[in-house]
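Student: With the input below, show me the fold.
(2 chains)
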Amino acid sequence: MTKRIYADLALKDVFRLWSASQLQVIIIAGICLPILLLLGLKNGHVADLREDLVTSPVGRQIVFWSAKQGDFLTKEVLADIQGCIPNVSLVIPESQKLVFVEHGNSEGTAGVQSPLTLYSTLPGDPILEQFGAAIGNAAFDAEALPLILSEPTAKALGKKVGDAAAITIKRRLGAEEQDHVLDFMIVGTVASGDESGGFVGFTHLDVMACLEKFGTGEAVPELSIPAMSSLRAVDLYSQMLLVCFRGPTTDLTAKDHSFLSERGLVAEEATNPDITNLYGTLRADAAKELKFYTLRFAGEQDNGQSVIRDNPELLSRNTEAQDDLVLRWCDPLTVQVNGDEFRLVGLTLPNKRQTGGWIQNFLRRQAPWFTYEESTAKPLSVRGSTSVIEKLRDGEIAFSEKLRANLRPLEQPTDDAEQPDAKVDQDIELFEGDPKTAYAPVSLLALLNQATRDQVTLDLEGRKFIPASTPVSFTKARMYTATIDDVPLAADMLAKRKYAVLSEVSRIAEIQEQDTSLRVLVAVVALGVFLFGVITVFSVLVDSTDRKKGMIGILRVMGISGPGVFFILLARAVIIGVMAAAVCCGIGVLLAALLGKTIAGAEYLAWLPQVRVVLGPSEYLLVTAGAILCAAFGVLMPALKASRLDPFDAIMEGQFH
Amino acid sequence: MIKTNNAETNASDVILRLDSLKHTLVDRDKKQCFTVNVARPLEFYSGDFIGLLGPSGCGKTTLLSILGLLRKPADLNSVARFELYAPAETQGGFRTRVDIRDAWARNDLRRIESLRRTQMGFALQSGELVKSLTVTENIQVPLRLNGWHRDDMRERVQDLLRQFSLTRHRDQKPGSGETPAVNTLARSRVNRLSGGEYQRVSLARAVAHRPSVVFVDEPTSALNRELAHSALEVLRSLQRERAMPGITFMITHDEELATRFCNVVVRMAPRRGEPEGDVIDVVRTASTTTAANGDGHT
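Tutor: Numbers count the residues shown, from 1 in each chain, chains lettered A, B, ... in the order given. Got it, this is the predicted structure:
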């Protein structure tokens, strides 16, 4: 309540005694105006420098790509990037695909196909927005897929916005080729195109992701396209088995060990009887003549997995040991058949006519094994004793919890008689089938191991393993920050994530440096002017306060406290500061307009320089704060002095009667 | 010589009491000092109109500054008692004793300022109205500072303007249909007032918030005798004719004025050859009513 009375007294003092107040208002406005104009000129200069960067989307664009070091750009990685880097407006992974667009030929007949390069885009893509085109949010909601064409392309194809476009996509895997026709709808055109004159179009990133998936031969459910029939998973091995004859010329030499070591492989002699007789398939005396080594990859490969990439035949050929045989090898797996546990051994061997075919001489009669050809042609085959085969035929095979539902009974077991190169020599030991062991191509075991790691899946329809569907990833993307000032930090953060980065960062940094330098310059000048202003206001207000001594005295006599008097004088100064700021801002706006344009017919003003003065809310606020502070600092000492005045002295002006 | 007629007073109606004082003023610029002595107790009662008389430089205004709580007594030890009996804030019709000596001793400036705001009114020689305010607003200042309600404030100001004849109406043509009774003087800024109007506004402001003690310094300096008498009559009636009458101190050189209005006359005189002034005489007349008619001088 009291404060309100004080404020009222201050307000009335300013406005009703305007002749005294106006000088103070003019002085403070005069002090603040140069500061305001300096700020405006600085802003204008920086705005000129930034103009082309601000008007073009390229200014706030950062192109980055993995360059073998940064993570591939999956949906998760992109979300992480957008979450970590501040002020990111949009990230558009870059993807381009060559497709074929159907259109009429010069004779007007339909059916001509021309190549069209499709690029990915997203809603809000600044590159397209600058041409007034934009893709919708939903890629698959409409009957047709969205397509934006470059104007030259649309003209050449005779298409316009709203037209349908039939686009053929093609893929090839081995000898298998597939074509699919997709229905697109042209939703916009942009006034740019391929400099080489090729047809150019843009579609939603989700559509491009489907096209990427299509290219790998996988099924694309979004476009109702099944996987290619020749799509198969590749079997990978973490170990191999080297078999050689015992003897100085046939065993592995030190040089062989060194050769293997160079390739990251470690050879260790296997002493496990299961291995030295290949799980009961070799004759009892084979161990006396043959020596077994397990080859393991010592280094670490992708995803922490050890995979031997070398061809076993080449390894065999490059060792000094004579007649050594390198076999792809997997440890046996435990399989449940109707709840009973069986051991599944992978055994693929060369036949007699192939390199290492000598191993056949050591096999027991009727031993179950698979040739290389069988492994490829019948990957889901299994062999074993008759009892085992019976159980496998009727049972549901569960390799693990995950594969319990998926793994169906394997290929019909081959009768012993059908076994390739089966020994019929009655002198040869007969294979004694273990009732709990079954034999399969080693590739099956490798694929089952991969299936547990979700690298492959079992295609029940095609009765084959196919690569697991992996999320589509991109190697390159365009990022747009909210302003060009956010580019340096974003580029720096992307570089720290090991991406190669391309942006206007150096130019932006240069402008920002100039801005900072000018800001410091303005601050120094403003500080000087401000201090000068405070001193001027102080001297004016000292005099003014002295003249108000009588009024202050009577207020004190009426019971207003010293702090109350201080408040009244401070409030008066603040009001004067606000008024000065208003005057200063008004004149500033007029001057900014006057300096920025040529006034028609006013030749007498031709001497005025044409400069850009940019004033915004922050400048007005700064100057208002400066004016208030200038007035407040200026009145501080006089107000303090007045608040300490003895009321009696103030009335009697220091005299006594 | 001090004469006091206590028979006419009632001890329970004491408003202000000052029992001895020795206050020395030092003017550092002129390297001079001056001492005001009050050797005998001064007691003033409800409704008293006190005239403070004496030649220039005898310490009248200095004594007023002490009584009006504008200055702290230089030597508090010289003060035996200094009390004000102010209307109790909560109990109507009662007064509570405020030990001013103790408040000064504790340097309780907040209390002193509060007492000055609520219990004191000043109409000094120079007037010192607030230039930025109108006549009405000037009179309202003490009321606003004392938290008066807006309606009460308006009523009180109108009453004071009327009683002090602070009215100046616009010339109206008969039958012109103009809104009557627009007091243009009330809305005037104080720099447009005549000397007499200025002085009367000052008096009105001094008495507006019904203070216990009103100090008036040379009230007639800017007024003609007739107007001065009229204004003092109003002042006296306003101080006396209320539920809890207050007292009025008037510094004047005008013996006739003192005789006409004051029921108590305090005389001061400088000591010969010494920079000191003393209260030499306190005369209380028999009846304040008769004092108003100039009778009963003792």
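Student: can you tell me which residues contact A:Lys597?
Tutor: Residues counted as contacts of A:Lys597 (C-beta atoms under 8 Å, 6 or more residues apart in numbering or on different chains) are A:Gln610. The way it works is simple: take the backbone N, C-alpha and C, and place the C-beta from them, glycine included.
Student: how near is it to A:Gly40?
Tutor: 14 Å (C-beta to C-beta, to the nearest Å).
Student: Ends of stretch B:78-98, what's the gap?
Tutor: Terminal residues of stretch B:78-98 are spaced 18 Å apart (C-alpha to C-alpha, to the nearest Å).
Student: Pretty sure A:Ser503 sits against A:Met493.
Tutor: No: counting by C-beta atoms under 8 Å, A:Ser503 stays clear of A:Met493, with 11.9 Å between them.
Student: Show me which of the two is the more surrounded one.
Tutor: Using other C-beta atoms under 10 Å in any protein chain shown as the criterion, A:Ser503 and A:Met493 rank with A:Ser503 on top: 22 against 17.
Student: next one: phi and psi at residue 119?
Tutor: Chain wasn't specified; assuming chain A. phi -120, psi 150 (degrees, to the nearest 10).
Student: now do the one 5 residues further on
Tutor: Here is the backbone geometry of A:Gly124 (degrees, to the nearest 10): phi 90, psi 10.
Student: Give me the local confidence score for it.
Tutor: Confidence at A:Gly124, expressed as pLDDT, is 90.
Student: Show me which residues of chain A are close to chain B?
Tutor: Within chain A, the positions near chain B by C-beta under 8 Å from any C-beta of the partner chain are A:1-2, A:5, A:9, A:12-13, A:16-17, A:550-551, A:553-555, A:557-561, A:646-648, A:651-652, A:654, A:656-657.
Student: so what's whichever residue of the stretch 151-298 of chain B sits closest to chain A bridging to?
Tutor: Taking C-beta to the nearest C-beta, chain A has its nearest neighbour within the stretch 151-298 of chain B at B:Arg189, 6.8 Å off. With DSSP bridges as the criterion, B:Arg189 is bridged to B:Thr134.
Student: repeat for B:Tyr85
Tutor: The partner residues for B:Tyr85, given DSSP bridges, come to B:Arg97.
Student: likewise B:Thr35?
Tutor: Beta-bridge partners, per DSSP bridges, of B:Thr35: B:Thr24, B:Glu276.
Student: count of neighbours near A:Phe281?
Tutor: Residue A:281: Thr, not Phe. 21.
Student: show me the contacts for it.
Tutor: A:Leu347, A:Leu363, A:Arg364, A:Ala367, A:Pro368, A:Trp369, A:Phe431, A:Tyr439.
Student: In PyMOL, how would I select just the buried ones from the residues of chain A next to chain B?
Tutor: Selecting the buried subset of the residues of chain A next to chain B in PyMOL, with 16 or more other C-beta atoms under 10 Å in any protein chain shown as the burial test, is done by:
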select buried, chain A and resi 5+9+12+13+16+17+550+551+553+554+555+557+558+559+560+561+647+648+651+652+656+657
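Student: Distance check, the residue of the stretch 151-298 of chain B closest to chain A against B:Tyr198.
Tutor: Taking C-beta to C-beta, one finds B:Arg189 at 11 Å from B:Tyr198.
Student: Pick out whichever of the two has more residues nearby.
Tutor: Applying other C-beta under 10 Å to B:Arg189 and B:Tyr198 shows that B:Tyr198 carries more neighbours, namely 21 against 18.
Student: right, and the helix or strand after the strand or helix carrying the more buried one?
Tutor: Following DSSP states H and E, one finds B:Tyr198 within helix B:195-208. Counting by DSSP H and E, the next helix or strand C-terminal to helix B:195-208 is strand B:213-217.
Student: Would you mind writing the CA trace of that following strand as PDB?
Tutor: The C-alpha atoms that make up strand B:213-217 are tabulated as PDB, following Å, rounded to 0.1, in the frame of the first residue of the first chain:
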ATOM      1  CA  VAL B 213      -0.500  17.500  18.100                       C
ATOM      2  CA  VAL B 214      -0.500  20.200  15.400                       C
ATOM      3  CA  PHE B 215       2.500  22.500  15.000                       C
ATOM      4  CA  VAL B 216       1.900  25.800  13.300                       C
ATOM      5  CA  ASP B 217       4.800  28.200  12.500                       C
END
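Student: hmm, who's touching the very next helix or strand once past it?
Tutor: Helices and strands here follow DSSP H and E; after strand B:213-217, the next one along the chain is helix B:225-240. Residues outside helix B:225-240 that contact it (C-beta under 8 Å, 6+ apart): B:47, B:49, B:160, B:163-165, B:196, B:199-200, B:203, B:207, B:214, B:216, B:219-220, B:223, B:245-248, B:250, B:257, B:260-261, B:288, B:292.
Student: got the angle for helix B:225-240 vs strand B:213-217?
Tutor: 160 degrees (axes from the mean of the first three to the mean of the last three C-alpha atoms, to 10 degrees).
Student: strands paired with the helix or strand just after helix B:225-240, and their directions?
Tutor: On the C-terminal side of helix B:225-240, the closest following helix or strand by DSSP H and E is strand B:247-252. Strand pairing for strand B:247-252, determined by DSSP bridges: strand B:49-53 (parallel), strand B:213-217 (parallel).
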